[in-house]
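Visitor: quick one: sequence and predicted model below, then my questions.
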Amino acid sequence: MAAFVSGPVPATFEREITASPAEFERDLRRAWAGGVDTIAPRRLRVADGGTRLDLHIETRGVRRLGLFELPVIVVQYRFSDVDEPARRRLLVALDRAMQRGGG
């Protein structure tokens, strides 16, 4: 399920994600094979036709649940100058492809 189902997808937003930068990049490349470029350290670009999404990854430490620790990153999403339906299409497809198992 996409994060912005009930409202418009803004051109710029951020998400807190429990993953390391390396895990996020690995999962992104698996989800969007052939359409991810590295533009700088911890800066990635996803391209789909005329739609471009730049991602900037920042570490935020760990989240502790008892003895269990999860790395936390904040990912800034910045779409190129495209309309909201194009942003929605790319984000929904990307979110669906990057879903993790859970319970």
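Guide: Received the coordinates, thanks.

Visitor: give me the below-cutoff pLDDT ranges for this protein.
Guide: 1-6, 101-103 (pLDDT under 70).

Visitor: what's in contact with stretch 61-78?
Guide: 11-21, 23-24, 53-60, 91 (Cβ atoms under 8 Å, 6 or more residues apart in numbering). No exception for glycine: its C-beta is placed from N, CA and C like everyone else's.

Visitor: switch the cut-off to 10 Å
Guide: 3, 9-24, 28, 42-46, 52-60, 87, 90-91, 94 (Cβ atoms under 10 Å, 6 or more residues apart in numbering).

Visitor: show the buried residues in those residues.
Guide: Neighbour counting over the contacts of stretch 61-78 (16 or more other Cβ atoms under 10 Å) leaves 9, 17, 19-21, 24, 28, 42, 44-46, 52-55, 57, 87, 90-91, 94 as the buried ones.

Visitor: am I right that Arg29 is in a strand?
Guide: No - Arg29: not assigned to a strand; according to DSSP: H, G, I helix; E, B strand; the rest coil it is helix.

Visitor: next one: it from Ala93, what distance?
Guide: 15 Å (Cβ to Cβ, to the nearest Å).

Visitor: picking that back up, take the buried ones among the contacts of stretch 61-78 and keep only those in strands.
Guide: In strands, defined here by DSSP state E, the members of these are Ile17, Leu44, Arg45, Val46, Arg52, Leu53, Asp54, Leu55, Ile57.

Visitor: pick out the most distant pair among the residues you listed.
Guide: Farthest pair in these (Cβ to Cβ) is Ile17 and Arg52. Separation: 20.5 Å.

Visitor: so where's the longest helix in the protein?
Guide: Scanning the chain for the helix with the most residues, using DSSP state H, yields helix 84-98.

Visitor: doesn't Ala33 make contact with Asp48?
Guide: No - assessed by Cβ atoms under 10 Å, Asp48 is found out of contact with Ala33, at 11.9 Å.
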